[in-house]
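Engineer: coords below, sequence missing:
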């Protein structure tokens, strides 16, 4: 029995090394800051039959993600409304008719909980505060290459007191977020 002891120790040591090496290739739980210089928050809507879009370029906040336990993940993000640009209707979008940039300089999203959705992604249920109104919104976020997040959501603008031109402008808004991350 004592003859097999060194073999057993060597086997356990090898398994430990393999487990450690495997753990290094797996994504791990991490906290990230959004890289405000490399972020794009775009939204699409329809005016009549034409598709229109706009974007915000200033994003700040934290993204915590655990691939092995997505339910421990969280998002706390702030978008500066003054960073809005649009291919059409920019002044109207910034006015009190829609985003009311002067009165509401920030859009905020804070997740309440998360659940697994894809291999490197999660659905984040949280509260979106925009135009002075807070509503529940679900954001689907996917971590790519360990340093980039791609997220999307679908909202109704009327839920955020943006009802101007309702006969002309669609209520359905698609949101797409692309942001580089800085590990903290």
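Structural biologist: Alright, I've got the coordinates. Fair warning: this is a prediction, and the values are worked out from it, not measured in the lab.

Engineer: ok, the most centrally placed residue in the chain - contacts?
Structural biologist: Residue closest to the average C-alpha location in the chain (CA atoms, centre = their mean): residue 151, at 4.5 Å. For residue 151, the contacting residues are 139, 140, 141, 142, 176, 177, 179, by CB atoms under 8 Å, 6 or more residues apart in numbering. For the C-beta atoms, the positions are set from N, CA and C on the backbone; glycine is no exception.

Engineer: How many neighbouring residues does residue 172 have?
Structural biologist: Other residues near residue 172 come to 12 when the count uses other CB atoms under 10 Å.

Engineer: What of residue 137?
Structural biologist: Neighbour tally, residue 137, other CB under 10 Å: 20.

Engineer: wait, is it part of a strand?
Structural biologist: Yes. Applying DSSP: H, G, I helix; E, B strand; the rest coil, one finds residue 137 inside a strand.

Engineer: So it versus residue 44, what's the distance?
Structural biologist: Per CB to CB, to the nearest Å, residue 137 is found 16 Å from residue 44.

Engineer: Tell me where this structure has strands.
Structural biologist: In the chain, the strands defined using DSSP state E lie at 30-47, 50-56, 59-65, 74-80, 85-86, 106-118, 121-130, 133-144, 148-156, 172-183.

Engineer: would CSV of those with mean pLDDT and distance to residue 92 be doable?
Structural biologist: Formatted as CSV, the strands of the chain follow (pLDDT from 0 to 100; distance: least, CB to CB, whole Å):
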stretch, mean pLDDT, distance to residue 92
strand 30-47, 91, 10
strand 50-56, 92, 10
strand 59-65, 94, 23
strand 74-80, 96, 19
strand 85-86, 94, 9
strand 106-118, 95, 17
strand 121-130, 96, 16
strand 133-144, 95, 19
strand 148-156, 96, 19
strand 172-183, 95, 15
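
Engineer: can you put those strands in a markdown table and add distance to residue 166?
Structural biologist: Supplementary listing: these in a markdown table, determined by distance: least, CB to CB, whole Å:
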| stretch | distance to residue 166 |
| --- | --- |
| strand 30-47 | 12 |
| strand 50-56 | 15 |
| strand 59-65 | 28 |
| strand 74-80 | 24 |
| strand 85-86 | 18 |
| strand 106-118 | 21 |
| strand 121-130 | 17 |
| strand 133-144 | 16 |
| strand 148-156 | 11 |
| strand 172-183 | 12 |
